[in-house]
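Asker: Need a 3D model of the sequence below.
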Amino acid sequence: MSFDRTLAESALFRICFVCTGNICRSPMAEAVFKSLIRKAGLTHAISVMSAGTGDWHVGEPSDSRTVAALAAQGHDGSSHRARQFDPDWFSSLDLVVVFDRSQERILRAWASNEPDRSKVQMLLSFDGDHPDSLDVPDPYYSDAVMFDHVLGTIEKACNSLFRQITPGIRQGVS
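Answerer: Now for the predicted structure:
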């Protein structure tokens, strides 16, 4: 799946969720956010995709535990294929959401200017319930219970992010 087919250039707001390998956390957030967009009738106004900082899993589907956790909550992650973030995408994006400090450092280093660096934000920074750490744990080396826990964290933070951006989006929609 190419980036061009995933990101609607005509959308008012464009988001990319970025984790390490693009097979666990970022596909979860992408699926959750797509559900929120669809339910709100804003598919024409908000475009969302995901990627990884690394290239180890490019072309692979999401981890089977990711797909199972998503399906259990009514989200579809079955068609996802991993890709690596391309720094050239910064100019087409309004927000680049990461899950931990290492991804934040990498993406900000890849950004060629301050406006692009400022687009990189931690997911949990949108959810005020995490004062101690903004890192979303990587469930890859854990069990299905951890995938469910991480998905719950991502769903809550995505809902909060969605509530924060929606008023501005609705104003721009005629």
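Asker: Can you list the neighbours in contact with stretch 144-163?
Answerer: Stretch 144-163 has contacts (Cβ atoms under 8 Å, 6 or more residues apart in numbering) with 24-25, 28-29, 32-33, 36-37, 40, 63, 65-66, 68-70, 72-73, 97, 123-124, 126-129, 136-137, 139. No exception for glycine: its C-beta is placed from N, CA and C like everyone else's.
Asker: from the residues you listed, which ones fall inside strands?
Answerer: Judged by DSSP state E, strands contain the following of these: residue 97.
Asker: How many residues are close by the nearest residue to residue 135 once chain neighbours are set aside?
Answerer: Nearest non-adjacent residue to residue 135, counting by Cβ to Cβ, 6 or more residues apart in numbering: residue 100, 4.2 Å away. Number of residues near residue 100 (other Cβ atoms under 10 Å) recorded here: 19.
Asker: and if you look at residue 161?
Answerer: Using other Cβ under 10 Å, residue 161 is surrounded by 24 other residues.
Asker: Could you pull out the buried residues of the one helix or strand it maps to?
Answerer: For residue 161, the host element (DSSP states H and E) is helix 144-172. The neighbour-count check on helix 144-172 (16 or more other Cβ atoms under 10 Å) flags 146-151, 153-158, 160-162, 165-166, 169 as buried.
Asker: and residue 95, what does it touch?
Answerer: 13, 14, 15, 16, 119, 121, 165.
Asker: how near is the closest residue in space to residue 137 that isn't next to it in sequence to residue 62?
Answerer: The shortest distance from residue 137 to any non-neighbouring residue, by Cβ to Cβ, 6+ apart, is to residue 150 (6.2 Å). Distance of residue 150 to residue 62, given as Cβ to Cβ, to the nearest Å: 13 Å.
Asker: ditto for residue 113
Answerer: Distance from residue 113 to residue 62, by Cβ to Cβ: 32 Å.
Asker: neighbour-wise, which of those two wins?
Answerer: Remark: of residue 113 and residue 62, residue 62 carries more neighbours, 27 against 9, as counted by other Cβ under 10 Å.
Asker: what's the weakest-modelled helix or strand in the protein?
Answerer: One helix or strand of the chain scores below all others by mean pLDDT, DSSP states H and E: helix 3-6, with a mean of 41.
Asker: next structured bit after that helix?
Answerer: strand 13-19.
Asker: Sheet partners, orientation included, of that next one?
Answerer: strand 46-52 (parallel), strand 95-98 (parallel) (DSSP bridges).
Asker: Save these as a markdown table, and put in mean pLDDT too.
Answerer: Formatted as a markdown table, these follow (pLDDT from 0 to 100):
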| stretch | mean pLDDT |
| --- | --- |
| strand 46-52 | 96 |
| strand 95-98 | 98 |
